[in-house]
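Asks: Give me coordinates for this.
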Amino acid sequence: MREVGRVIGILSGKGGVGKSTLTANLAIQLARLGKEVIAIDCNLTTSHLGLLFGFYDYPVTLNQVLRGDYEIEDAIYEHKSGVKIIPGSLSPRDLYGVDLLDLRLKLSSLVGKNDFVLLDGAPGLGREAISAILCSQEVMLVAIPTLSSVLDVLRVKAVVGSYNIPILGVVVNMYEKRYKVRPEEIGVSVNLPILATIPYDKELIESNVFKIPVSILNPKARSSREFEKLAKKLVGMEEKVGIFQKIKSLFVASS
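Replies: As a prediction, this is how the structure comes out:
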């Protein structure tokens, strides 16, 4: 029997933190675990999710669905990874006559057919972002390891909390050792669990250039492995730790 579908909003307080990259790669990793996944670009003013999957031209988008021109099933495109995508329009003309709040009613037909519905929300706390929050059953926050990003997480957390929507935790994205703010410090500061720390490796940079998600471009990349761990965490799969990893962790802990 299929598990009840989960609608997870992926949100950030500011743009440029890799929210869409997280959505795309998490969706791919969930699909590899045998889950039915659909990713929806809810950032209608700057729609990038489709581009990350290599889609540049699609006759029906979420914008036209929200205008009432098409049914939501008409805007679904399946990627070779098995992930289904509902893109936003790249044309500024398609911003007129669109209300993202209408998405709540249209999502009902998708939840029963998919294990996960991932909503790539707009950054910030404007109307678009609030609409994505209201469409979510759960929320995942995305940050980079800077003080300003931590403050943004606190703002978004407060707003999401005002709607009584559960927050799963924070994904620290694009992490490099040169940052002075550590992931564990972020978790303490915002009082939320750190779900994953995604390193900013060269493969991740190449994936953005070639418009191929890193989980496909190089499944063994450090960033790909962290996306995989996050997907397994969401479905309740424990990571198997080998004997050598256990011994290594003991030495690290004692040093």
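Asks: longest helix in the protein, by residue count?
Replies: Criterion DSSP state H: the longest helix present in the chain is helix 147-162.
Asks: Which strands or helices does the helix or strand following that helix pack on?
Replies: Counting by DSSP states H and E, the next helix or strand C-terminal to helix 147-162 is strand 167-175. Contacts defined by 3 or more Cβ pairs under 8 Å, 6 or more residues apart in numbering; DSSP states H and E place strand 167-175 against helix 19-32, strand 138-143, helix 147-162, helix 183-190, strand 194-199. Quick note: C-beta positions are derived from backbone N, CA and C, even for glycine.
Asks: quick check, distance from the second one to the centre of its chain.
Replies: Relative to its parent chain, strand 138-143 has a centroid offset of 8 Å by Cα atoms, centre = their mean, to the nearest Å.
Asks: So for it, mean pLDDT?
Replies: Rounded to a whole number, the mean pLDDT of strand 138-143 is 96.
Asks: So for F227, which of the helices and strands packed on strand 167-175 sits nearest?
Replies: Nearest of the helices and strands packed on strand 167-175 to F227, taken as Cβ to Cβ: helix 19-32 at 4.2 Å.
Asks: Just checking the distance from that closest one to the centre of its chain.
Replies: On Cα atoms, centre = their mean, the centre of helix 19-32 falls 6 Å from that of its chain.
Asks: Assign L118 to helix, strand or coil.
Replies: Using DSSP: H, G, I helix; E, B strand; the rest coil, the structure places L118 in strand.
Asks: Does anything pack onto the longest helix of the chain? Which helices or strands?
Replies: Packing contacts for helix 147-162, counted by 3+ Cβ pairs under 8 Å, 6+ apart, involve helix 127-135, strand 138-143, strand 167-175, helix 183-190.
Asks: okay, those, which one's buried deepest?
Replies: Neighbour counts (mean count of other Cβ atoms under 10 Å) averaged over each of the helices and strands packed on helix 147-162 peak at strand 138-143, with a mean of 26.
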